[in-house]
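> when you get a sec, could you give me coordinates for this:
(one chain, ligands or ions: 1)
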Amino acid sequence: MKAVIFDLDGTLVHSAPDIHAAANVMLSHAGRDPVTLEQVIGFVGNGIEKLVERCLRATGGVPDDLTPHYAQMNRAYARDLTTLTRLFDGVRETLDMLDLPMALCTNKPEIPARDLCDQLDLTRYFDVITGGDSTPAKKPDPLPLVHTTVALGLTVEECLYVGDSVTDFRTARAAEMSFAYFTGGYQPTPVEGLRPEECFDTWHGLDLSRYA
Ligand SMILES: O=C(O)COP(=O)(O)O
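Numbers count the residues shown, from 1 in each chain. A predicted model of the protein is given here:
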């Protein structure tokens, strides 16, 4: 293994509280009731547009024109990207100890992904940051992961992808890349087709080389 590529939300950072706050600002502008943090945790992972759509569906239905709701969500989220967002315990120690090139491949749009990393002092770890709008397709399409690999100057066989969701798992499988599943994130339920030895539930003392 020559590099490790990480998912962001629910894998490295517990970002749902800020996403939740922004979603409720967006919903209040739309005249809707708020959603709970637990609902939002279930809505994260397929990009901000899907999250907005899922919030609106859960509170009365999806309007024909989603554009103003996306804009409202993006504005509210950009204001408070890291007010409530924290690294999962043990993440920084793992990143500090890993003596390999590292990259990010998230469905969060690239600008907020980069800003969040800057604000939490994460940017310096990553040679490549691929957001949900950095390529024409989002995960679970393999394109963003393959793009990240190529940008690292490596092949898919030389990289490990680390994520917390079925979407991440399917992305890695579609790209034919090794995968490690963090079960302490946003989708703790077992995934069909995932071998138990590919799972870990804590970042403390983690040796990622065993998943390669
Ligand atoms: O859905 C999002 O916006 C981001 O989710 P991800 O970091 O788990 O890909």
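
> got the residues of this structure near the ligand?
For the chain, the residues found near the ligand under the criterion Cβ under 6 Å from any ligand atom are 7-10, 44-48, 106-108, 165. Using the backbone N, CA and C atoms, a C-beta is placed for each residue, glycine as well.

> which members of the residues you listed occur in strands, if any?
Restricting the residues of the chain next to the ligand to those inside strands, with DSSP state E as the criterion, leaves an empty set.

> how about the strands in the chain?
Per DSSP E, the chain has strands spanning 3-6, 13-14, 86-87, 102-105, 126-130, 159-163, 178-182, 199-200. These are given in chain order.

> what is the last one packed up against?
Read that as strand 199-200. For strand 199-200, the elements it packs on are strand 178-182, judged by 3 or more Cβ pairs under 8 Å, 6 or more residues apart in numbering; DSSP states H and E.

> for the strand it packs on, what is the average pLDDT?
Per-residue confidence for strand 178-182 averages out to 94 on the pLDDT scale.

> quick check on the residues of the chain next to the ligand: which are buried?
If you count burial by 16 or more other Cβ atoms under 10 Å, the buried members of the residues of the chain next to the ligand come out as 7-10, 44-48, 106-108, 165.

> hang on, the earlier thing: now the strands of the chain in CSV, with distance to residue 76?
Written out in CSV, the entries for these read as follows (distance: least, Cβ to Cβ, whole Å):
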stretch, distance to residue 76
strand 3-6, 26
strand 13-14, 18
strand 86-87, 19
strand 102-105, 23
strand 126-130, 22
strand 159-163, 26
strand 178-182, 27
strand 199-200, 33
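
> all helices for this structure, in order.
Defined through DSSP state H, the helices belonging to the chain, from first to last, are 16-29, 37-43, 48-58, 67-79, 91-97, 110-119, 143-151, 166-175.

> quick one, which of these is nearest to residue 127?
Each of the helices of the chain was checked against residue 127 via Cβ to Cβ, and the shortest separation belongs to helix 143-151, namely 7.8 Å.

> can I get the closest one as CSV, trimmed to CA atoms?
Listed next in CSV are the C-alpha coordinates belonging to helix 143-151 (Å, rounded to 0.1, in the frame of the first residue of the first chain):
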residue,chain,number,x,y,z
LEU,A,143,-14.9,8.2,-10.7
PRO,A,144,-14.0,10.5,-7.8
LEU,A,145,-11.9,7.8,-6.1
VAL,A,146,-10.1,6.9,-9.3
HIS,A,147,-9.5,10.6,-10.0
THR,A,148,-8.0,10.9,-6.5
THR,A,149,-5.7,7.9,-7.2
VAL,A,150,-4.6,9.3,-10.5
ALA,A,151,-3.9,12.7,-8.9
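
> what does that helix contact?
3, 5, 103-105, 107, 127-128, 130, 132, 134-139, 155-156, 158-159, 161, 171-172, 175, 177 (Cβ atoms under 8 Å, 6 or more residues apart in numbering).
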